[in-house]
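# What would the 3D arrangement of this be:
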Amino acid sequence: MKKSLLFSLIISFTLIVQVNGQKKFAQIEELIPTPNEYRNAAGAPGYNYYQQQADYKMNISIDDETQVLSGDEIITYTNNSPDQLSYLWLQLDQNLFAKDSDTKLIHVEKMEDFRDISQIERKVFEYDGGFKVQEVKNLNGSDLKYSINKTMLRIDLDKPLKTGSSISFKIKWWYNINDRMAVGGRSGYEYFEKEDNYIYTVAQFFPRMCVYDDVSGWQNKQFLGRGEFTLPFGDYDVSITVPADHILGATGELQNTSSLLTNNQKKRLEQAKKSDSPIFIVTEEEARESEKTHSKRTKTWKFKATNVRDFAFATSRKFIWDAQNTNVGGKDVLCMSYYPKEGNPLWERYSTKLVAHTVQTYSKYTVDYPYPVAISVHSKSIGMEYPMICFNGGRPEADGTYSERTKYGMWGVIIHEVGHNFFPMIINSDERQWTWMDEGLNTFVQYLTEQEWERGYPSRRGPAYKIADYMKGDKSNISPIMTNSESIWQFGNNAYGKPATALNILRETIMGRELFDYAFKTYCERWKFKHPTPADFFRTMEDASAVDLDWFWRGWFYSTDHVDISLESVNLYQLNTQNPEVEKAFAKKQYENQDEFKGDIENLSSIKETINEKDANIDDFYAKRDIFKVDKLDEKEYEQFKTRNKDKLYLLNAGKYFYELNFKNIGGLVMPLIIQINYTDQTSEIIRIPAEIWRRHEVNVSKVFILDKEVSSFRLDPLLETADTDLYNNAWPREVIPSRYDLFKERKMRMQRRENPMQRQKRVDELGD
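The predicted model follows:
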């Protein structure tokens, strides 16, 4: 009993020391789940890791007159877990648009939010876009008992589904496709009123199985709009019926090309499969003709996809279609783009090339792209991702000109959404719970991909200095990265920007590129086609690198601290040589160069003559002696010193400069000290001190540098690699940072809103030489 009590006291004391005495560098074991047979301590899948499988066979149709999608599906669900399942959960994400949607009820509103009549109309005449489930049946036609709770559907089984067993059942449904430009949404349609045509970008259109795993059991957290999707892998066999003049792209491989395309289009498609540059399969001229037809006939497009977690498609009579091949790991990948004429000239020039570049670059840093196709589809003001297909914005003006912002926005969204094939479509994290695990990791590799696309690419996110303004902001409006998707403040900065920046800092500053790239790729290889958690990522990065990063995860992912490390002061010392000739000369120079007191200066002119200047008997020994003069006794004592300290004379006479630098951690987030030393001879060097210098002293630390040359200045974080939020206190001596105050800023902004630079150049050209 006494031993047990003593042991408990020791453990309690250890925890107190860990929390109170070592906050920044305490291990994170109390923050992450304990390793087990499903997920081991190295961050890899455990020896009993399992995941479920959901296979789908679907028939889908779109009514182009009413914008209604109808479908039926047979789902075959396989239970690979060690548990018997008495019920199954499915996701009804389209119920986000149901009239009784919780998303509408929990949305915080003020009257000032209604800025025009259209917003009030949408509020009064609410669109009903929820699923209309018509039947849920066994394959023998008998009804299955089911219950709908908002965005979730539960099927109650007649008998539990045992380990290793499968069940197949049929669901039939329909819903009104949402006008995405009016009511928003990740999928829907864009309407072109002048032509009476539509672009349908369709996803979350079918009841989908929830994930059942060792972490959450059933992941049936309601879909409120922010936290995206958590889905099991499976095989898809999908038939989609649309107007006969439509061109359709989807997840998977097209199975019935011969019955859908003209002979010329089929020839072009075969050419594209062997080409390393885009080939038009459907030209702009053909698309323009199709826009006019409005066929009443229908065609059915058939697709199959293997080992994917979802399915999406896009269809329109407006689509231009081009494609090219790229080879990844010895396998061909057909990269394709579907876009209306309104996307040109940007889309025909860049989209498919960007798809191919993204597939190649992501494969280098993560895992080889495993699928046969990769597709980019254009519709206005969108950016959404699904296996093998994504929907992207980036539209030029009607006159074909575009701003630089539009161009880079289009490039960036294509790279980002195609990149989502890797996170989370392959490395299949729980988006409903942790947005950063797909968006943050994806944004990080997006940055690497952008930099390999164009030298000096102005990436929005990734470089450390670009997150500084967000991190120094009001902490009441900032969340830790490790926050559930629905509760995040400043979603873009928190779930995209900050984790991408953190990984970039790990790669460039903490670990180095080679070590980081190996560990990151190890994580991707371990968890491809599986369901990783944050702990799996944290553990793998340490396991594969032998770098203790707990302090980094704790600071960057679990706190809202920011980086603000101040170089508070610098003290210069030199060793006393004990040589009276040297030291008294130094003392004299210091005396002569000291600041003068104003009163002493005034007294020189105001006091005509002092008493000791009148009376020669006043000045005694102390008044007359020269304290800087070297006398015989000084010389004798120095000779005796040299005899006693022969082995130390070299160091004393080496002329070394001792600089004591004092640092203060103002922001709370510990980081390495990266110090640029600028010498008076115009040379410089950078010294890097690991973050562990803060392990026992979390607020103030000091460091002494012994240098051969005199220093003119010091600067912390000279290469902007730590996200330091205050650059002014990084320099010694302090430096004034020049800037401009623009009195005519508003005028320039108004001009920029009226025309883009390409339109301005047209006006310049009209003026001639």
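
# Number of residues surrounding residue 360?
For residue 360, the number of neighbouring residues by other Cβ atoms under 10 Å comes to 17. From N, CA and C alone the C-beta is placed, and that goes for glycine too.

# Check residue 337 too.
28.

# Confirm for me that it is in contact with residue 349.
No - Residue 337 lies out of contact with residue 349 (Cβ atoms under 8 Å); the separation is 10.5 Å.

# what's the span of stretch 417-436 from first residue to last?
One end of stretch 417-436 sits 15 Å from the other (Cα to Cα, to the nearest Å).

# Please tell me how far it is from the chain's geometric centre.
12 Å (Cα atoms, centre = their mean, to the nearest Å).

# Same check on stretch 629-641?
With Cα atoms, centre = their mean, you get 68 Å for stretch 629-641.

# now swap in stretch 194-208 and tell me
28 Å.

# Give me the distance between the two termini of it.
One end of stretch 194-208 sits 36 Å from the other (Cα to Cα).

# List the buried residues of it.
Of all the residues in stretch 194-208, those buried under the rule 16 or more other Cβ atoms under 10 Å are 197-208.

# what do you get for stretch 403-420?
Judged by neighbour count using 16+ other Cβ under 10 Å, the buried positions of stretch 403-420 are 403, 406-420.

# Give me the residues contacting stretch 272-291.
Residues from elsewhere that reach stretch 272-291, judged by Cβ atoms under 8 Å, 6 or more residues apart in numbering: 195, 197, 245, 247, 261, 265, 268-269, 271, 317-326, 332, 334, 336-337, 340-341, 344, 348, 352-353.

# quick one: buried residues of that stretch?
For stretch 272-291, a neighbour-count test (16+ other Cβ under 10 Å) marks 272, 278-284, 286-287, 290-291 as buried.

# mind checking how far the closest residue to residue 214 other than its chain neighbours is from residue 756?
Counting by Cβ to Cβ, 6 or more residues apart in numbering, residue 38 is the residue found nearest to residue 214 once chain neighbours are left out, at 4.1 Å. Between residue 38 and residue 756 the distance is 54 Å, computed by Cβ to Cβ, to the nearest Å.

# Could you do residue 304 as well?
For residue 304 relative to residue 756 (Cβ to Cβ), the value is 43 Å.

# Tell me which of the buried residues of stretch 403-420 fall in helices.
Among those, the members found in helices (DSSP state H) are 406-419.

# Could you save the residues you listed as JSON lines and add columns showing distance to residue 170 and pLDDT?
Listed next are those as JSON lines, based on distance: Cβ to Cβ, whole Å; pLDDT from 0 to 100:
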{"residue": "406", "distance to residue 170": "46", "pLDDT": "96"}
{"residue": "407", "distance to residue 170": "47", "pLDDT": "97"}
{"residue": "408", "distance to residue 170": "47", "pLDDT": "97"}
{"residue": "409", "distance to residue 170": "43", "pLDDT": "97"}
{"residue": "410", "distance to residue 170": "41", "pLDDT": "98"}
{"residue": "411", "distance to residue 170": "43", "pLDDT": "98"}
{"residue": "412", "distance to residue 170": "42", "pLDDT": "98"}
{"residue": "413", "distance to residue 170": "37", "pLDDT": "98"}
{"residue": "414", "distance to residue 170": "37", "pLDDT": "98"}
{"residue": "415", "distance to residue 170": "39", "pLDDT": "98"}
{"residue": "416", "distance to residue 170": "37", "pLDDT": "98"}
{"residue": "417", "distance to residue 170": "32", "pLDDT": "98"}
{"residue": "418", "distance to residue 170": "34", "pLDDT": "98"}
{"residue": "419", "distance to residue 170": "35", "pLDDT": "98"}
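
# Pick out whichever of those residues sits closest to residue 495.
Ranked by distance to residue 495 (Cβ to Cβ), those are led by residue 416 at 12.8 Å.

# ok, residue 596 - contacts?
Contacts for residue 596 were tallied using Cβ under 8 Å, 6+ apart; there are none.

# For residue 604, see how far away it is.
Counting by Cβ to Cβ - residue 596 and residue 604 are separated by 10 Å.

# returning to that earlier point: the residue nearest to residue 214 against residue 51, yeah?
No - contact between residue 38 and residue 51 fails when scored by Cβ under 8 Å: they sit 9.8 Å apart.

# Neighbouring strands of the helix or strand encompassing residue 324 in the sheet, and parallel or not?
When elements are assigned from DSSP states H and E, residue 324 belongs to strand 320-328. Applying DSSP bridges, strand 320-328 is found paired with strand 279-282 (antiparallel), strand 331-339 (antiparallel).

# Quick check: longest helix in the chain by residues?
Max-length helix for the chain by DSSP H is helix 346-365.

# CA-only coordinates of it in PDB, if you can.
Coordinates of the C-alpha atoms in helix 346-365 are reproduced here as PDB (Å, rounded to 0.1, in the frame of the first residue of the first chain):
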ATOM      1  CA  LEU A 346      -6.900  30.800 -69.800                       C
ATOM      2  CA  TRP A 347      -8.300  27.300 -69.800                       C
ATOM      3  CA  GLU A 348      -7.100  26.000 -73.100                       C
ATOM      4  CA  ARG A 349      -3.700  27.400 -72.500                       C
ATOM      5  CA  TYR A 350      -3.100  26.200 -68.900                       C
ATOM      6  CA  SER A 351      -5.500  23.800 -67.300                       C
ATOM      7  CA  THR A 352      -4.500  20.400 -68.600                       C
ATOM      8  CA  LYS A 353      -0.800  21.300 -68.300                       C
ATOM      9  CA  LEU A 354      -1.400  22.200 -64.700                       C
ATOM     10  CA  VAL A 355      -3.100  18.900 -64.100                       C
ATOM     11  CA  ALA A 356      -0.200  17.000 -65.500                       C
ATOM     12  CA  HIS A 357       2.400  19.000 -63.500                       C
ATOM     13  CA  THR A 358       0.400  18.600 -60.300                       C
ATOM     14  CA  VAL A 359       0.100  14.800 -60.700                       C
ATOM     15  CA  GLN A 360       3.900  14.600 -61.300                       C
ATOM     16  CA  THR A 361       5.000  16.900 -58.500                       C
ATOM     17  CA  TYR A 362       2.700  15.500 -55.800                       C
ATOM     18  CA  SER A 363       3.800  11.900 -56.800                       C
ATOM     19  CA  LYS A 364       7.400  12.900 -56.100                       C
ATOM     20  CA  TYR A 365       6.700  14.200 -52.600                       C
END
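
# who are the neighbours of that helix, in terms of helices and strands?
strand 320-328, strand 331-339, strand 373-378, helix 404-419, helix 436-453, helix 513-527 (3 or more Cβ pairs under 8 Å, 6 or more residues apart in numbering; DSSP states H and E).

# Show me how far it is from its chain's centre.
Centre-to-centre, helix 346-365 and its host chain are 19 Å apart (Cα atoms, centre = their mean).

# related to what we said a few turns ago, nearest to residue 727, out of the buried residues of stretch 272-291: which one, please.
Checking those one by one against residue 727 (Cβ to Cβ), the nearest turns out to be residue 278, at 44.3 Å.

# Would you agree residue 62 is in contact with residue 242?
Yes - counting by Cβ under 8 Å, residue 62 touches residue 242, with 5.3 Å between them.

# any residues in contact with both of the two?
In contact with both residue 62 and residue 242: 200, 315, using Cβ under 8 Å, 6+ apart.

# who's in contact with residue 499?
436, 439-441, 443-444, 481, 556-557.

# one more time with 6 Å
Counting by Cβ atoms under 6 Å, 6 or more residues apart in numbering, residue 499 makes contact with 436, 440, 481.

# circling back: and the contacts of the strand holding residue 324?
Here strand 320-328 makes contact (Cβ under 6 Å, 6+ apart) with 247, 272-273, 275, 277-278, 280-282, 284, 287, 332-339, 352, 356, 359, 363, 368-369.
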